[in-house]
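>>> The sequence and its predicted three-dimensional model are supplied below.
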Amino acid sequence: MHLKTLVEGQTSTADSVPTHATVSAWFLGPKAENSEFLQSAFGLIVDRVSKGRIEYFKDDKVFIDEEIKNHPDYKAQLAKIEANLKMLSGLLATHSCPSFSPRYAGHQTFDTTLPAILGYVVGLLYNQNNLSPEIGPLTSWLEYIVGQQLCKMVGYAHNDIASEPDLKISVVEPGDRVGWGHITGSGSVANLESMWVARNLKFYALSLKKAMAQSHPLEFVASTFGVRVYELDKATANMRPTNKLLVQCSSWQLLNLTADQVLGLPGRLSSEYGMSAAFVEKVMEKYIVQTLGKDALEAEFKIAPCRYLISATNHYSWPKAAAITGIGSSNLAEISVDERARMNTKDLDEKLRFCLDNHTAVYAVVAIMGSTEHGAVDPLSEVLALREKYQSLGLSFLVHADAAWGGYFATLTIPDPAAQNLCAVPNANTTEFVPALALMEYTKRELGYLRYADSVTVDPHKTGYIPYPAGGLCYRDERLRFLVTWSSPYLNTDKGGIEAMGVYGVEGSKPGAAACATWLSHRVIGLHENGYGRLLGEAMFTSVKMYSQWATMSLRSNSLVVVPFTKIPAEEDGRPKSEIEQQRNYIQKSIVNRDNYELVNDDVAMALVRRMGSDLMINNFSCNFKIDGKTNTDVDEANYLNRRIYERLSIQKVTDDILERPVIIFSTVFSQAKYQDALTGYKERLGLEGDGDLTTLCNISKTPFPTAGNFVKELADGFQRVAEEEIQNCYRRIQVTPDFHTFVLQGTANPFHLVQLPMFNVGNHRQQLIIKVTIPEKDLKAWNEHRKQHPSAVFTIHNVSKTHLSTILEQGGFSGIITNGLPAVYGPEAQSLEAVPGVPTRITILDIVKKRPLNPAHLDKAYPAQMPFYIYGSLAQTHLDHMLLRAPNAQLSAGNITLKLENMDLSIEAHRRLVEDGLRKGLIAVASAKPEFAMQPFTDAHPPTFFAPWADGISVTLYVDDCDRNGPGLVSHLGKPIATATINLGSNVFADWSLLNDDAALKLDENATETQFTRSTTTRPSSRFLIRPPADEFGRKLAIRQGWKDAVESAAMKV
């Protein structure tokens, strides 16, 4: 079976088919197998660069002569360069993401090709600037060639550079204009440029109308200059095309001229009225949107903001581009996606109809041709059909294809123009055989429609395997580039020609090295099925082999559930559950556990392989877990597992050891609001319930290497091992086991109140518990002695021996130890501390005031508008504890507060009884002046400063807590307030926003309690506990950044 059998489903002669050995020559190799060649090539480059410098005016004097080279300062600087280079190389080798390895599947990157590396290096040494041919003559030409190659690859008409120097125009279809492309700094820059073009194009006709107004420079053509627009035929009630003077057109009609019409307006002024290009440019400069700004033109012509329509899977660069261009991200309307994450064109149709009916102009519709997180290809053919439909109804817009990832896959459909006598696929069984895989029929068809999009983003530094930075943008009509330049436009460029590449688009100065790298890699590998098509075909085979691992991994584990986002074929076909499981077992037997050669010669298995996985080799999947054979149903618990797996299988911190990562992946979050029914269905397949967002994992298989010898299994086994280890941390979050339980002691005399120290991420402490207790008077004597010595201290109590909290509550008490602050150790040893000995006692529970679970299912999705507290105790001893409604959060507890009622007379028996009964059961006090939604989350950098000993009074409104259920929604339906009041804190204040949010996955100290281990190092006999370790995201980022800073500085100090 040969390459064409896989790519095209046809037979092929062996002498035209490259082998995996061909692909292997294009890379340095996972184990630097081609390092000898690279060293030799580097030497060749240095020799040639040196020769070029020597031969340039060879009679010029030698400026760095032997005398200088023998000078101590000269030698010292070379030694300094070498030492620092070794230091930097060492840091990079130790701490860089190993994107060269088959184990790396984290992002849209892999090893760069050898010709790209060498092209970049040689270009770098000449340091050419493609801003202008004056400072980059050759590299500017190479960039032009690359741009034309990319145009050809996506199907645009192009200048056939093979016929240099007399360029020949290759026209794909009659009437097509020549395309134009160039290299950008990134796909993000390319997307920004395409949006800039669409904005400028949309307003140009309005600007021209303004220039033709009375007393304006082009008034003299207003009475004769016409355009073709759509108007309503009252007789038929249909839209019909008609010719109309431009100045008589409505704003709506001018906003909806076709792109071809708008681009032809300046040329018509020249050809029909004899105006010079310079004159048109000078006149229009005063009126165009680039000068006046979008808002001014919208106001003058009474235009509602135009919209940009884009698939919900769009890259983050699109809202950024909308912000930069002034369009505004709020005008970026997202189109829903189906269960394969492809654009739902029915939703697009509805949104376009809304725009048409409401006279809301549309700049462009963007189709994603290979989404970042799913590899999904939008149905571009249907988008283009809708363009034709709405254009006939008077709504015109551009279509842009964001094929930053998917563009190079078009090479799988391009025949090899050269008859190369390459080695045949081996006809003997060999473990090193690596086949190439075909595009799915759907993907192949939709990529074929790229030629009809107005512009295409295509990134050489993604699936072109070129070093960063090398994005790319192609225009179907080369005139579009004139909308984003500040130089004189060329009005007649159909016959080719090249100008300064840097004057078009966002960038100015740009590296000629990127053009060298891309050009050389294209030239060596080839933009056809036997070149990049072969490379990407092998990588696609890797992707499907990895997909088969994710699809069957649950069969190999009793605790781990793994479900790919893309369904296996039987699921996609809607087959019964029994057939789906039968196919899953078949995949494991006939695809997962077979070598490549045997697999590709199994027609039945290969027919299934061709239908498996995503559109373009990105595998998104998510994990869940089982407890005692029962699948977890809580989305947040599954999210925790996926976050922990990602933490273990990614490189973020300086302490992350790449040798401890058997495979490197990346993670993303699927928003319920964005993915809607597609996500609901996916969560159901995972066994999850609820409308929460979902954390998912992803592997991107750009490598052609790991299927040889079924190395893919090594990667999957490593992932499974880590995932099953992390499931143990999930158990710790959920399962309840005997443990020590710590309470903040509130009050100065019986009865006391105890507030448990909760933890969101530990099952044993996942509740907000307040209990009313008594302590034997004999034990209070010893405690009072401590309290006199430390009048501002916060005291805690914990049980002497590990037990279930439920047992404590059922038995109505426990043997405990009172300690000053958080205990340094737990259990009986807490009594023997020399510095602050604990006081043993027996706690008797009188009442459970509040007991509400804090597991994710019982938490709110958002912080409350105002900050709520439980207020409880008695009028003699009143206490306060912040309600924990969402994670992360802060425990804010205060004992013996002062409660001043402002609209209630306690001398009235009914009033007094109402308050005392409420405090006994626990009232809710809402601090309306504390907008919790705006204050959270609290961190070390942003502490709750209002909650401090002797702080200013807090105004609250008191409500009866008549909610007899658990959360969420504990404060969403408060009844009529019973009073307003002011509370003042005393000295007994406890504040914690770190330990409450601690991650149970942190390494446990065997000598301390398993769930409150961090507290063992935080004994502070003071009035207020401000726990400092950063549990917040911002603090975590700062800590990670500090770690890298320290590592670099430490290494630099040794040089």
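Happy to help now that I have it.
>>> CA atoms for contacts and neighbours, from now on please.
Will do.
>>> for Asn619, helix, strand, or coil?
Following DSSP: H, G, I helix; E, B strand; the rest coil, the label given to Asn619 is strand.
>>> That one pairs with what?
Asn699 (DSSP bridges).
>>> any idea which helix or strand comes after the strand or helix carrying Ile645?
Remark: Ile645 resides in helix 635-648, with elements defined by DSSP states H and E. Heading C-terminal from helix 635-648, the first helix or strand you meet, by DSSP H and E, is strand 666-670.
>>> relative to helix 635-648, how tilted is that next one?
160 degrees (axes from the mean of the first three to the mean of the last three CA atoms, to 10 degrees).
>>> Name the strands paired with strand 666-670 and say parallel or antiparallel.
Here strand 666-670 has these sheet partners by DSSP bridges: strand 694-700 (antiparallel).
>>> can you pull the buried residues of the strand it pairs with?
The neighbour-count criterion (16 or more other CA atoms under 10 Å) identifies Leu694, Thr695, Thr696, Leu697, Cys698, Asn699, Ile700 as the buried residues of strand 694-700.
>>> out of those, which one sits closest to Asn729?
Relative to Asn729, the closest of the buried residues of strand 694-700 is Thr695; by CA to CA it sits at 16.8 Å.
>>> How about the contacts made by that closest one?
Residues counted as contacts of Thr695 (CA atoms under 8 Å, 6 or more residues apart in numbering) are Ser622, Ala638, Asn639, Asn642, Arg643, Ser667, Thr668, Val669, Phe670.
>>> and these as a markdown table, adding neighbour count and distance to Lys900?
Converted to a markdown table, these look like this (neighbours: other CA atoms under 10 Å; distance: CA to CA, whole Å):
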| residue | neighbour count | distance to Lys900 |
| --- | --- | --- |
| Ser622 | 23 | 53 |
| Ala638 | 25 | 46 |
| Asn639 | 20 | 44 |
| Asn642 | 25 | 48 |
| Arg643 | 20 | 46 |
| Ser667 | 23 | 51 |
| Thr668 | 15 | 49 |
| Val669 | 12 | 47 |
| Phe670 | 18 | 48 |
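>>> how about these in TSV, adding pLDDT and distance to Ala1047?
Formatted as TSV, the contacts of Thr695 follow (pLDDT from 0 to 100; distance: CA to CA, whole Å):
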residue	pLDDT	distance to Ala1047
Ser622	98	34
Ala638	96	34
Asn639	94	31
Asn642	96	29
Arg643	93	26
Ser667	93	26
Thr668	93	28
Val669	94	31
Phe670	94	34
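>>> The buried residues of strand 694-700: which two are farthest apart?
The largest separation in those, counting by CA to CA, is between Leu694 and Ile700 at 19.1 Å.
>>> Run the chain-centre distance for the helix holding Ile645.
Put simply, helix 635-648 sits 16 Å off its chain's centre (CA atoms, centre = their mean, to the nearest Å).
>>> and that helix, what other elements does it pack with?
Helix 635-648 is packed against strand 618-627, strand 666-670, strand 694-700, helix 711-734, with contacts defined by 3 or more CA pairs under 8 Å, 6 or more residues apart in numbering; DSSP states H and E.
>>> May I see the buried residues of strand 694-700 arranged in TSV, with pLDDT and distance to Leu616 as well?
Putting the buried residues of strand 694-700 into TSV (pLDDT from 0 to 100; distance: CA to CA, whole Å) gives the following:
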residue	pLDDT	distance to Leu616
Leu694	96	22
Thr695	96	21
Thr696	97	18
Leu697	96	16
Cys698	94	13
Asn699	93	12
Ile700	91	9
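>>> who's the residue nearest the centre of the chain bridged to?
The residue lying closest to the centre of the chain (CA atoms, centre = their mean) is Thr668, at 5.4 Å. Thr668 has these beta-bridge partners by DSSP bridges: Thr696.
>>> so what's it up against?
Glu373, Thr695, Thr696, Leu697, Cys698.
>>> what stretches of the chain score poorly on pLDDT?
Applying pLDDT under 70 to the chain flags the ranges 1-18, 161-175, 419-432, 486-499, 830-837, 1000-1035.
>>> Have a look at it and report its longest strand.
Ranked by residue count and defined by DSSP state E, the top strand of the chain is strand 839-853.
>>> elements contacting whichever helix or strand comes after that one?
If you walk from strand 839-853 toward the C-terminus, the next helix or strand you reach (DSSP H and E) is strand 867-873. Here strand 867-873 touches strand 878-882, helix 909-921, strand 923-927, going by 3+ CA pairs under 8 Å, 6+ apart.
>>> Tell me the strands beside the last one, with direction?
According to DSSP bridges, the neighbouring strands of strand 923-927, each with its direction, are strand 867-873 (antiparallel), strand 954-960 (antiparallel).
>>> quick one, that strand and strand 878-882 angle?
Direction vectors for strand 923-927 and strand 878-882, defined by the same axes, to 10 degrees, enclose an angle of 60 degrees.
>>> Ok, the second one next?
In terms of direction (the same axes, to 10 degrees), helix 909-921 departs from strand 878-882 by 50 degrees.
>>> which residues are contacting helix 909-921?
When contacts are defined by CA under 8 Å, 6+ apart, helix 909-921 is touched by residues Val849, Lys850, Ile871, Tyr872, Gly873, Ser874, Leu875, Thr878, Met904, Asp905, Leu906, Val960.
>>> burial measure for Pro868, as a count.
Neighbour count of Pro868, defined by other CA atoms under 10 Å: 25.
>>> Double-check that Arg523 belongs to a helix.
Yes: under three-state DSSP, Arg523 falls within a helix.
>>> Distance check, it against Thr980.
For Arg523, the distance to Thr980 equals 79 Å [CA to CA, to the nearest Å].
>>> Neighbour count: those two, which is higher?
A direct count of neighbours by other CA under 10 Å for Arg523 and Thr980 places Thr980 higher, at 18 against 13.
>>> my guess is the more buried one contacts Leu901, does it?
Yes: Thr980 is within contact range of Leu901, at 6.2 Å (criterion: CA atoms under 8 Å).
>>> buried sites along stretch 862-878?
Applying 16+ other CA under 10 Å to stretch 862-878 flags 863-875, 877-878 as buried.
>>> Same question for the strand or helix carrying Ala278: list its buried residues.
Of the helices and strands defined by DSSP H and E, Ala278 is found in helix 277-284. Neighbour counts using 16+ other CA under 10 Å place Ala277, Val280, Glu281, Met284 of helix 277-284 among the buried residues.
>>> cool, and stretch 963-976?
For stretch 963-976, by 16+ other CA under 10 Å, it's Gly967, Pro968, Gly969, Leu970, Val971.
>>> repeat for stretch 218-237
Buried residues in stretch 218-237, counted by 16+ other CA under 10 Å: Leu218, Val221, Ala222, Phe225, Gly226, Val227, Arg228, Val229, Tyr230, Glu231.
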